[in-house]
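In: Dropping a prediction and its sequence here:
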Amino acid sequence: MKASLSDTVRMSLALARSALLAPRPFLLYLKPTARCDLRCAICNRWKESSSTEEELSLDEIKRVLAKFRAAGAEIVTLWGGEPTLRRDLPEILAEAKRLGMRTSMCTNCNSLAKKADAVLPNLDTLLCSLDGYGETHDAQRGVPGLFDRVLAALGEAKRFPHLRLKIWATVHTRNAGQQERLAQLAREHGAWIEFFPVSRIPGYNNATVPDAAMLAEVFAEVARLKRAGYPVWNADRVIDKMARNAPFRCNFGHASIHMDHKGTVYSCEDPAGTPIHVWGPLAGIDLEELYASAEFKAVAKRLESCGRCRLPCVVELADNLTADLGSMFLQSLTR
């Protein structure tokens, strides 16, 4: 399950460019829909009112992808909401690949097994959300039988050898002690697994957020599992930061840009899904001018101390990118 050298070189060059050469986002986080088919205890986005009528059309999304690609986006991650609820998801992914973009998708896997043949051929990285083993996952997501559908999706994904398969496993108060079972599940399905703590949404998921003692215990176990040869994707420095709930300098304001299902561009969002800084509708934005503006640089600089989440993609790219490029490159060769 090693990453290809081309993947490593591509990411390293993108990081170097974003950090040193031409500071502009190379990661596009695109929500094709805000609709969700679950009722999660750790995320409240399913409570948002949303409909297909307010979503961008396929032709509009194609223009969006072309515009971001021309402005330097190399990787697009689809999330939401639940992206598999878009009937034209295969066409969206195919267009991203036609434009030369790497494609990634975060999904709850509720219906992915049935759609695998249409969706997975043009996907490079599949991120499957898993909040616990068996009934623990179903209870956290509010849908009975979901765990089995995740397993079915993982089984379908194995048929596509080009696909990098990851399990995104949250750490919360109801799944402490299940990490080895989840790591074993990942091994059995030829997948990587990445652990990260639930982010607090005040007034909604407080009871599920692990305290300092639990974080230290769980991520000590994650470190042990990695040393024991389980397919843990988390870098050692990421495990250490999560174990200590340590502050870090977030680079996502520099490296990524976000757009919602209505075409609104923004810089990142809080755990409840509220945009932290809105730039406005893409139709009225010149991305090259935006990225070169003093305001964009100021917002990215302010977001460095945000500290509101511990998402793996965020922590992986945290702190001194230029100092870490060599070690990141060498570690990626073992993946």
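Out: Structure received. Numbering: from 1, shown residues only.
In: just the helices in the chain please.
Out: Remark: helices assigned in the chain by DSSP state H are 5-16, 58-70, 89-98, 112-119, 135-141, 146-157, 179-188, 212-227, 236-244, 252-255, 287-292, 294-303, 312-316, 321-332.
In: between these, which one is nearest to Cys36?
Out: helix 135-141 (10.2 Å; Cβ to Cβ). (Each C-beta comes from the backbone N, C-alpha and C, glycine too.)
In: other SSEs contacting that closest one?
Out: The elements that helix 135-141 packs onto, with contact taken as 3 or more Cβ pairs under 8 Å, 6 or more residues apart in numbering; DSSP states H and E, are helix 146-157.
In: ok and the helix it packs on relative to helix 179-188, angle-wise?
Out: Interaxial angle, helix 146-157 versus helix 179-188 (axes from the mean of the first three to the mean of the last three Cα atoms, to 10 degrees): 30 degrees.
In: re the thing from before, closest to Phe195 out of the helices of the chain?
Out: Nearest of these (Cβ to Cβ): helix 212-227, 5.0 Å.
In: The closest one packs against which elements?
Out: Counting by 3+ Cβ pairs under 8 Å, 6+ apart, helix 212-227 packs on strand 164-171, helix 179-188, strand 192-197, helix 236-244.
In: about what we covered before: Serialize the helices of the chain to CSV and add fields for mean neighbour count.
Out: Below are the helices of the chain laid out as CSV (neighbours: other Cβ atoms under 10 Å):
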stretch, mean neighbour count
helix 5-16, 15
helix 58-70, 17
helix 89-98, 20
helix 112-119, 18
helix 135-141, 20
helix 146-157, 20
helix 179-188, 19
helix 212-227, 17
helix 236-244, 18
helix 252-255, 24
helix 287-292, 15
helix 294-303, 15
helix 312-316, 20
helix 321-332, 14
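In: Including distance to Ala272 and mean pLDDT, could the ones you listed go into CSV?
Out: Converted to CSV, the helices of the chain look like this (distance: least, Cβ to Cβ, whole Å; pLDDT from 0 to 100):
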stretch, distance to Ala272, mean pLDDT
helix 5-16, 29, 50
helix 58-70, 24, 98
helix 89-98, 25, 98
helix 112-119, 25, 98
helix 135-141, 17, 95
helix 146-157, 22, 98
helix 179-188, 26, 98
helix 212-227, 21, 98
helix 236-244, 21, 95
helix 252-255, 17, 94
helix 287-292, 25, 97
helix 294-303, 16, 96
helix 312-316, 16, 92
helix 321-332, 28, 49
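In: between those helices, which one is nearest to Val265?
Out: helix 287-292 (8.0 Å).
In: Counting by contacts, list what that closest one packs against.
Out: Short answer (3+ Cβ pairs under 8 Å, 6+ apart): helix 287-292 packs on helix 58-70.
In: For the helix it packs on, which helices and strands make contact with it?
Out: Helix 58-70 packs on strand 27-30, helix 89-98, strand 256-259, helix 287-292, going by 3+ Cβ pairs under 8 Å, 6+ apart.
In: let's see 7 Å
Out: helix 89-98 (3 or more Cβ pairs under 7 Å, 6 or more residues apart in numbering; DSSP states H and E).
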